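**Student:** here is my input, please return the structure:
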Amino acid sequence: MKYAVKAAEMKAYDEYTINKIGIPSIVLMERAALCVVFHLSEKLGDTAKKVLVAAGAGNNGGDGLAVGRILALKGHKVDFFMAGNQDKVTKEVEEQLKILRNLGFSIQSKLKDAEYDMVIDALLGIGLSREVSGDYADAADKINQLKSKGAYICGVDIPSGICADTGRVLGCAVKADLTVAFAFAKRGHLLYPGKTFCGKLVVEDIGIPENGLSLPKPAAFYYEKEDLHQLMPYRVPDGNKGTFGKVLLIAGSKDMSGACILCGSSILRSGAGMVKIITPACNKQTVQLSLPEAMLHTYEEYPDESKIKQLLKWCDVVVAGPAMGTDENGYTLMKCILEERDLPMVIDADGLNLMARYKDLMELAAKRRTGQMVITPHPAEFNRLLGTDMEAYQKNREQLIRMLSQKLHCIVVAKDAVTMITGDQKSEIYINNSGNNGMATAGSGDVLAGILGALIGQGMDTFDAACLAVYLHGAAGEQAAKENGLSAVVASDIIKKLMQVMKECQNTTEGKVRI
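**Tutor:** Modelled structure (predicted):
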């Protein structure tokens, strides 16, 4: 697990390290510069390259000046440019300028009309809160022009012009090939559009302790692939199909069997021991042919409520909603499900649309035991549930996700280009860092709902299962895109690659989740 911080959180860590621990800021600056140089070494190679350092008046500029000095002393031809007023720099930047002048380097106040092999972007750091303008905007534009001519752009901590908290472009921004972040990823590195401006992101330790400080933990976190072995459920060697989770899937409507198959398949491929599917009788043959491992309960005209309630007693978790329909039958099924106040459940797609449409279903959902329901809305479904619009959603996404989780006392998996997850009892928020736009395809959400249901069925906490499911889903999508290309990915490809991801990440050591 890694943390993703806001600018204020990073500032608190910086100040604690400098003022309480006693590591001078100039030492942190030098360590930051060495980290950047390390990541540039392979790109620069052994022959001298022409490098531009574009620095600002803040400490981000000081980091960049130190990078340029180290590169110059290694034999590269480095030009130093300072944007803004050199009389209004921080004391650390003043020290870096003094060192450069003592070494005989000159500092430009205007950019040369020259070409470069590489640009070190250190104009603006994570403290930026207003739109970029003046010399800084001109310099950012010039850097992007150099990129279009083949220069390699390295962002120091964050590309200039990107909001560290939201990922928004503040007026204009530098588009980097590589961004070397210090201590923690910033939220703006992980959220669009900032994510596209970072290029390859690496996070380096510069001596700011992550643990042991008398500071609150950062609120946001994300996973990387190496985390998965410890997160995956451990399968006990003496387990049986009941041990590994009984999942009830309520999906499909008349002539809509695809969601049953995709969701049911992903449940089984994600480790569940048993899956039983409730679907209309017209889907029976298609589902049986595609999923012989699944048990079926079908209904002709209307679902039998007493039988549905029996099946809800049988399972460890219910997954409901994919292509279920929003007619009377869908309403009846959702009412039966939501009346089970303690049963863990995953509600997706039409299940969410029914909740948004019928006030009594929303009231039933809100009365369930806290944290036992996971909902997986895409932006349109989210807005229907909360009564918001897309503009408000995009502007205040985290705040609204927390609001919905508190309204329904549930875990919210807010699906989007970058999925975010929180719960009403959670102070933290998960920001997903896997996946791609090839996964924006019909049935992809059905696959995710199945993975999530299977993990909960295997005994995982609902919040932990949601975070892991979303990461696994994205990782499988990455593998599918690598093999087929982004434009050719379909939902069944994600399931095929899910098997590969699950194999690579299997937990072979008994951990906290014993099933």
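**Student:** buried residues in stretch 266-281?
**Tutor:** Within stretch 266-281, the residues that count as buried by 16 or more other C-beta atoms under 10 Å are 266-280. No exception for glycine: its C-beta is placed from N, CA and C like everyone else's.
**Student:** put the alpha carbons of the lowest-mean-pLDDT helix or strand in the chain into PDB.
**Tutor:** Least confident helix or strand of the chain, by mean pLDDT, DSSP states H and E, is helix 228-231 with a mean of 90. The C-alpha trace of helix 228-231 is given here as PDB (Å, rounded to 0.1, in the frame of the first residue of the first chain):
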ATOM      1  CA  LEU A 228      -1.300  -8.100  -4.000                       C
ATOM      2  CA  HIS A 229       0.300 -11.300  -2.600                       C
ATOM      3  CA  GLN A 230      -0.500 -10.100   0.900                       C
ATOM      4  CA  LEU A 231      -4.000  -8.900   0.000                       C
END
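**Student:** closest to Val93 out of the buried residues of stretch 266-281?
**Tutor:** Nearest to Val93 out of the buried residues of stretch 266-281 is Ser270 (C-beta to C-beta; 51.7 Å).
**Student:** tell me what Phe182 is bridged to.
**Tutor:** Under the criterion DSSP bridges, Phe182 forms beta bridges with Glu204.
**Student:** contacting residues for it?
**Tutor:** Residues near Phe182 by C-beta atoms under 8 Å, 6 or more residues apart in numbering: 28, 32, 35, 63, 157, 203-204, 206, 208.
**Student:** which element is Ile153 on?
**Tutor:** Per DSSP states H and E: Ile153 is located in strand 152-156.
**Student:** what packs against that strand?
**Tutor:** With contacts defined as 3 or more C-beta pairs under 8 Å, 6 or more residues apart in numbering; DSSP states H and E, strand 152-156 has these neighbours: helix 25-44, helix 59-73, strand 118-122, helix 134-148, strand 178-182.
**Student:** what lines up beside that strand in the sheet?
**Tutor:** Here strand 152-156 has these sheet partners by DSSP bridges: strand 118-122 (parallel), strand 178-182 (parallel).
**Student:** which one of those strands lies nearest to Lys407?
**Tutor:** Checking the strands paired with strand 152-156 against Lys407 by C-beta to C-beta gives strand 178-182 as the closest, at 34.5 Å.
**Student:** report the angle between the closest one and helix 59-73.
**Tutor:** Here strand 178-182 points in a direction 120 degrees away from that of helix 59-73 (axes from the mean of the first three to the mean of the last three C-alpha atoms, to 10 degrees).
**Student:** tell me the helix or strand right after strand 178-182.
**Tutor:** The helix or strand immediately downstream of strand 178-182 is strand 185-186, counting by DSSP H and E.
**Student:** so what does that next one touch, helix or strand wise?
**Tutor:** In terms of contacts (3+ C-beta pairs under 8 Å, 6+ apart), strand 185-186 is packed against strand 2-5.
**Student:** domain-wise, how is the chain divided?
**Tutor:** 2-222, 244-504 (automatic domain parsing).
**Student:** relative to Leu231, which of those domains is closest?
**Tutor:** Nearest to Leu231, of all the domains of the chain, is domain 244-504, at 5.0 Å by C-beta to C-beta.
**Student:** quick one: distance of that closest one to the chain centre.
**Tutor:** 18 Å (C-alpha atoms, centre = their mean, to the nearest Å).
**Student:** thinking again about what came up before, nearest to Ala4, of the buried residues of stretch 266-281?
**Tutor:** Checking these against Ala4 by C-beta to C-beta gives Ser270 as the nearest, at 26.0 Å.
**Student:** which of the residues in stretch 11-30 are buried?
**Tutor:** In stretch 11-30, counting by 16+ other C-beta under 10 Å, buried: 12-14, 16-18, 23, 25-26, 28-30.
**Student:** show residues contacting it.
**Tutor:** Residues outside stretch 11-30 that contact it (C-beta under 8 Å, 6+ apart): 5, 59, 62-63, 66, 92, 95-96, 127, 182-184, 206-209, 213-215.
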